[in-house]
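> Following is a predicted model, sequence given first.
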Amino acid sequence: MADYNITLDEQMVRELFLSSYESGALKDLLTQVLNQILEGRAQDLCGAALYEQTDERKDYRNGYRDRSLLTRFGKIELAVPRLRGQSVLGEGLIENYSRSEQALMAGVAEMVISGVSSRKVDAVALTLFGESISKSQVSRVVKMLDPVVEEFRQRPLDEYYPFLIVDAMYIDVRKDGTPVSKALYIAIAINTSGRREIVGIAVCDRESKESYREFFKSIKERGLERIDLAVSDSHEGLVEALKAEFLGASWQRCQTHFSKNMRDKCPKKVWGEAKEMLTAIYTARNIEEARRQRDEALFLLVKEAPKAAELLDSAFDDVTAVFSIPLKYRKKLRTSNMIERLNEEIRRRERPIRIFTNDDSVIRILGTVAMEIHDKWAVERVLFDMGEYFGPCLTSVEKTSRDESERRAA
């Protein structure tokens with residue numbers, strides 16, 4: 001490496017001794033040092049000083065070009081000598097300082113994913129680096145997340161998942177310059193080791209049987225072929241798609257959503273007692289006790305709230321499908337609350353954005369949020385001890401799958 005003699009004028013030295021860190025003296029010093037190093041490099045590569053006439057010359061100067069550089073002291077402007085046959089900017093000094101710019105870009109992406117608005121991102125960048133960042137620049141920065149998110153969304157699901165929880169939330173996306181409402185499908189599965197995984201996330205124009213079937217098919221193509229119990233609200237298209245794509249699986253109608261449906265059909269004077277009866281059905285020890293509680297509720301409701309009685313009678317089997325699994329698993333699987341909490345976190349991150357530019361931006365931002373939560377679940381306490389569920393029926397294949405999941409989580 002060449003040695004360079006750096007010269008400082010008296011004024012610069014005085015400022016370094018008398019000025020504070022915030023005064024900009026160190027930034028000016030760094031600018032002078034780097035510019036002198038670049039001049040020294042240009043001289044070495046040319047084999048001659050500026051305007052020097054010599055037979056030893058190797059290259060010729062061709063003016064300067066401006067180069068902005070983000071450093072820990074803020075943004076500095078360099079005058080980079082241009083040579084006709086080669087570049088002054090070799091490997092080393094400038095590339096090392098460019099890491100500050102890379103760190104800024106990574107920080108911008110992290111702020112966006114954490115739910116910081118573009119306006120606040122711009123303010124932070126301006127304060128730290130003296131450089132403003134526009135919304136379009138923010139969008140370009142976060143595009144670096146695309147391959148990581150896509151790898152997560154397309155990862156193989158090469159084990160058995162007994163339980164699946166599905167839901168949709170609505171977000172605003174621009175289409176031909178106009179904000180439209182679209183559905184964000186999300187699916188959580190419980191694996192054989194009892195851990196939660198986010199196994200699917202997709203954007204669709206609307207909730208329909210066809211779009212849900214496509215969503216489930218994409219999950220199945222990655223390896224999730226079999227489930228025992230699916231939990232969701234009673235959206236007709238969702239339920240029909242579940243039954244069509246996962247033959248033999250039971251469907252548990254979310255009891256929280258069902259209670260809201262019942263409340264809408266009950267007079268206020270009846271709802272208090274009806275709610276207690278529903279709770280008795282939900283928390284019964286077995287299906288026989290649940291049926292007895294249903295009959296008592298119907299005896300009350302058939303006179304006071306006939307529409308509510310009709311709904312309870314017709315939906316009872318769907319609301320109590322969870323009684324087909326052991327008692328210890330029912331509390332967390334009788335509602336879709338598990339996925340509702342995930343939705344709340346996604347909504348919190350989505351709120352500062354308000355309107356996404358397109359479907360890709362939805363997947364880019366909210367897919368990263370989902371991936372972050374998924375990774376957090378992988379190291380948290382196991383949700384279920386699946387030993388009682390599988391019991392002696394745990395096959396060697398399922399056991400291997402469970403052990404592999406636990407190894408990866410550890």
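Structure's in. What do you need? Numbering: from 1, shown residues only.

> for this structure, which spans come out with low pLDDT?
By pLDDT under 70, the low-scoring segments of the chain are 1-26, 70-74, 90-142, 392-410.

> Find the residue at the geometric middle of it.
Against the mean C-alpha coordinate of the chain, by Cα atoms, centre = their mean, the closest residue is Val369 at 1.7 Å.

> burial of the closest residue in space to that residue that isn't next to it in sequence, as a residue count?
Closest residue in space to Val369, ignoring its immediate chain neighbours: Arg349 at 4.8 Å, by Cβ to Cβ, 6 or more residues apart in numbering. Using the backbone N, CA and C atoms, a C-beta is placed for each residue, glycine as well. Look at Arg349: counted by other Cβ atoms under 10 Å, it has 20 neighbours.

> re the thing from before, and the helix or strand hosting the residue nearest to the centre of the chain, what's buried?
Assigned by DSSP states H and E, Val369 belongs to helix 359-379. Using 16 or more other Cβ atoms under 10 Å as the test for burial, helix 359-379 gives 359, 361-371, 373-374, 377.

> Repeat that for stretch 157-174.
157, 159-169, 171, 173.

> Would you mind putting the residues you listed into a markdown table with secondary structure and distance to Cys254 alongside?
As requested, the buried residues of stretch 157-174 are exported to a markdown table (DSSP: H, G, I helix; E, B strand; the rest coil; distance: Cβ to Cβ, whole Å):
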| residue | secondary structure | distance to Cys254 |
| --- | --- | --- |
| Leu157 | coil | 23 |
| Glu159 | coil | 25 |
| Tyr160 | coil | 23 |
| Tyr161 | coil | 19 |
| Pro162 | coil | 18 |
| Phe163 | strand | 13 |
| Leu164 | strand | 13 |
| Ile165 | strand | 9 |
| Val166 | strand | 10 |
| Asp167 | strand | 9 |
| Ala168 | strand | 13 |
| Met169 | strand | 14 |
| Ile171 | strand | 21 |
| Val173 | strand | 26 |
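
> For the residues you listed, work out which two are farthest apart.
Between any two of the buried residues of stretch 157-174, the greatest separation by Cβ to Cβ is 34.9 Å, found for Tyr160 and Val173.

> Do you have the strands of the stretch 301-410 of the chain handy? List them.
In the stretch 301-410 of the chain, the strands defined using DSSP state E, counting those that start in this stretch lie at 355-356.

> So what are the structural domains in the protein, by residue number?
10-101, 152-403 (automatic domain parsing).

> hey, which of the ones you listed is tucked in deepest?
Each of those was assessed for mean neighbour count using mean count of other Cβ atoms under 10 Å. The highest is domain 152-403, with a mean of 17.

> quick one, phi/psi of Asp385?
phi -90, psi 110 (degrees, to the nearest 10).
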